[in-house]
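Asks: Here's a sequence, model it:
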Amino acid sequence: MLNRLRGLMTRVMTPPADALLRAGVSPDAVTILGTLVVVVTALWAFPTGHLFLGALIIGVFVLTDSLDGVMARRAGRSGPWGAFLDSTLDRFGDGAIFAGLLLWFVGDGDDRLTAVLALACVVLGSIVPYARARAEGLGMTASGGIAERADRLLIALVATAAVGLGAPDGVLTVALGFLAVASGITIVQRMAKVHRQAVGVTE
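Replies: Okay, the predicted model is just below:
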């Protein structure tokens, strides 16, 4: 869903990208800094109960996730290294977000079910991109599915912010449950896609 907004985000990010490049900031530096902010915020704000603040800060950096890519293209420096760095560091950010929620619900949040669902999101959310990367390593494709990264993060952060503003914890329980199921379905969809390609190759 949100991947369709990439064109709009590129246009929005172009002016700040140009400004950062003129200031001598590299795309890699933006990638690393953004990941550090997301990881530190998620592992501090969520476990300590600052759900709205954490979701707000992380949401800003998630929305600007395309900034480093725009900078690389504007500078003529886009290539395999940047793509690898971005994808690898995304796993740290995603894991920290759900781990932070897990820590909250096994601590002061005191909700075992929601904690288990957050753990499921950590595990399944790591398999979704792995399935794609492994398929591409074998010369096939495995993109798509009902719950891509941007969609998963949007749902998780909106639900977290809502609970932080006073909504019942059940809102986050339902959201994480939905994300766990949707991630599982996405994995199956990607496996089925690779299976069709593999069978086609061997026939």
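
Asks: so where do the strands sit in the protein?
Replies: Assigned by DSSP state E, the chain shows no strands.

Asks: Just checking, which helix or strand of it averages the lowest pLDDT?
Replies: Counting by mean pLDDT, DSSP states H and E, the chain has its least confident helix or strand at helix 6-22, which shows a mean of 83.

Asks: show me what contacts the nearest residue to Leu119 once chain neighbours are set aside?
Replies: Residue nearest to Leu119 in three dimensions, not counting chain neighbours: Leu102, with 5.5 Å by CB to CB, 6 or more residues apart in numbering. Heads up, the C-betas are built off the backbone N, CA and C, glycines and all. Contacts for Leu102 (CB atoms under 8 Å, 6 or more residues apart in numbering) come out as 115, 118-119, 122.

Asks: Repeat that for Leu51.
Replies: Here Leu51 is in contact with 45, 104, 160-161, 163-164 (CB under 8 Å, 6+ apart).

Asks: Counting neighbours, which of these comes out on top?
Replies: Ranked by the number of neighbours (other CB atoms under 10 Å), the contacts of Leu51 place Thr160 first, at 29 neighbours.

Asks: quick one: that one from Pro47, how far?
Replies: Noted for Thr160: a distance of 12 Å to Pro47, by CB to CB, to the nearest Å.

Asks: cool, Leu157 as well?
Replies: 16 Å.

Asks: what do you get for Arg134?
Replies: Distance, Arg134 to Pro47, by CB to CB: 32 Å.

Asks: Please apply the same query to Leu101.
Replies: From Leu101 to Pro47 the distance is 9 Å (CB to CB).

Asks: More neighbours: which of those two?
Replies: Leu101 (30 against 20).

Asks: quick one, what contacts the more buried one?
Replies: Per CB under 8 Å, 6+ apart, neighbours of Leu101: 46, 114, 118, 156, 160, 172, 176.

Asks: Over to Val37?
Replies: Val37 sits next to 57, 61 when contact means CB under 8 Å, 6+ apart.

Asks: Number of residues surrounding the nearest residue to Ala142 once chain neighbours are set aside?
Replies: Nearest non-adjacent residue to Ala142, counting by CB to CB, 6+ apart: Ala135, 3.6 Å away. Neighbourhood size, Ala135 [other CB under 10 Å]: 19.

Asks: Show the contacting residues for Leu103.
Replies: Contacts of Leu103 (CB under 8 Å, 6+ apart): 43, 46-47.

Asks: From Leu8, how far off is the residue nearest to Leu119?
Replies: 33 Å.

Asks: what does Gly164 give?
Replies: Distance, Gly164 to Leu8, by CB to CB: 27 Å.

Asks: if we can go back for a sec, looking at the contacts of Leu101, which is nearest Thr31?
Replies: Ala156 (21.0 Å; CB to CB).

Asks: Look at the closest one and report its pLDDT.
Replies: We have a pLDDT of 95 for Ala156.

Asks: Begin at 450, not 1, for the rest of this chat.
Replies: Okay, residue one is now 450; in that scheme the one you just asked about reads as Ala605.

Asks: burial measure for it, as a count.
Replies: By the criterion of other CB under 10 Å, Ala605 has 25 neighbours.
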